[in-house]
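**Student:** quick one, structure for this:
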Amino acid sequence: MSRRSSITLSASEQQKLLDTERTVMVSTLGPRGWPHSMPLWYVPRDGEVWIYTYGKSQKVVNLERDPRATLVIETGKEYQELRGVMIEAEAELHRDFETVLELAKNLAVREGDVNPALLDGEHAGVLESQARKRVVIRFAAKRVVSWDHRKLGGKY
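**Tutor:** Coordinates of the predicted model:
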């Protein structure tokens with residue numbers, strides 16, 4: 001077995017990482033051809049990464065021009081603790097209000113900002129106001145690379 005294959009995350013390990021981490025680094029191609037990388041909170045849905053961002057943001061402009069993006073979700077401080085996934089994906093932008101509002105609610109609950117019981121009450125107006133300026137981006141994975149240095153057993 002190759003060293004590379006020995007540290008690959010299984011599908012269930014990848015899903016657990018997506019479910020437990022909060023931040024994804026999203027890299028798109030900027031207007032001058034340089035990578036434009038930004039950290040964002042995300043919502044995992046059916047093994048995919050979904051984000052919520054301003055409709056006029058640079059990343060949205062970049063994805064309208066070229067839908068390709070590379071995503072990295074990683075955790076660990078020491079080399080022997082590092083684990084993560086790199087996802088080469090195609091972005092699908094959603095601008096319809098209901099889709100944007102639904103993801104806004106999912107994100108608010110996931111990040112612990114809002115009690116789910118209040119989503120249709122006192123927080124509804126704030127989320128609706130924000131959703132009018134935002135878009136949702138679904139990243140459809142085309143290629144995934146993963147790693148878990150804990151599987152090296154101290155042999156690096």
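
**Student:** remind me, longest strand of this structure?
**Tutor:** Longest strand of the chain, by residue count under DSSP state E: strand 134-148.

**Student:** give the other helices and strands that that one contacts.
**Tutor:** Packed against strand 134-148 by the contact rule (3 or more Cβ pairs under 8 Å, 6 or more residues apart in numbering; DSSP states H and E) you find helix 11-20, strand 48-54, helix 58-65, strand 83-94, helix 97-110. In short, each C-beta sits where N, CA and C put it, glycine included.

**Student:** what's the burial count for residue 8?
**Tutor:** Number of residues near residue 8 (other Cβ atoms under 10 Å) recorded here: 16.

**Student:** repeat for residue 108
**Tutor:** 20.

**Student:** distance check, it against residue 130.
**Tutor:** Between residue 108 and residue 130 the distance is 10 Å, computed by Cβ to Cβ, to the nearest Å.

**Student:** and what of residue 105?
**Tutor:** Taken as Cβ to Cβ, the span from residue 105 to residue 130 is 11 Å.

**Student:** tell me which of the two has more neighbours.
**Tutor:** Using other Cβ under 10 Å as the criterion, residue 105 and residue 130 rank with residue 105 on top: 21 against 15.

**Student:** wait, that one sits on residue 126?
**Tutor:** No - contact criterion Cβ atoms under 8 Å: residue 105 and residue 126 do not qualify, at 11.0 Å.

**Student:** mind listing the shared neighbours of the two?
**Tutor:** Counting by Cβ atoms under 8 Å, 6 or more residues apart in numbering, no residue touches both residue 105 and residue 126.

**Student:** tell me which element the closest residue to residue 72 other than its chain neighbours falls in.
**Tutor:** Once flanking residues are discounted, residue 72 sits nearest to residue 25: 4.5 Å by Cβ to Cβ, 6 or more residues apart in numbering. Using DSSP states H and E, residue 25 sits within strand 23-29.

**Student:** hang on, residue 154 in a helix?
**Tutor:** No - under DSSP: H, G, I helix; E, B strand; the rest coil, residue 154 falls outside any helix and is assigned coil.

**Student:** give me the number of residues near it?
**Tutor:** 7.

**Student:** hmm, it is touching residue 80, no?
**Tutor:** Yes - between residue 154 and residue 80 a contact is recorded at 6.4 Å, counting by Cβ under 8 Å.

**Student:** where does the chain have low pLDDT?
**Tutor:** Filtered on pLDDT under 70, the chain yields the residue ranges 1-2, 113-123, 155-156.
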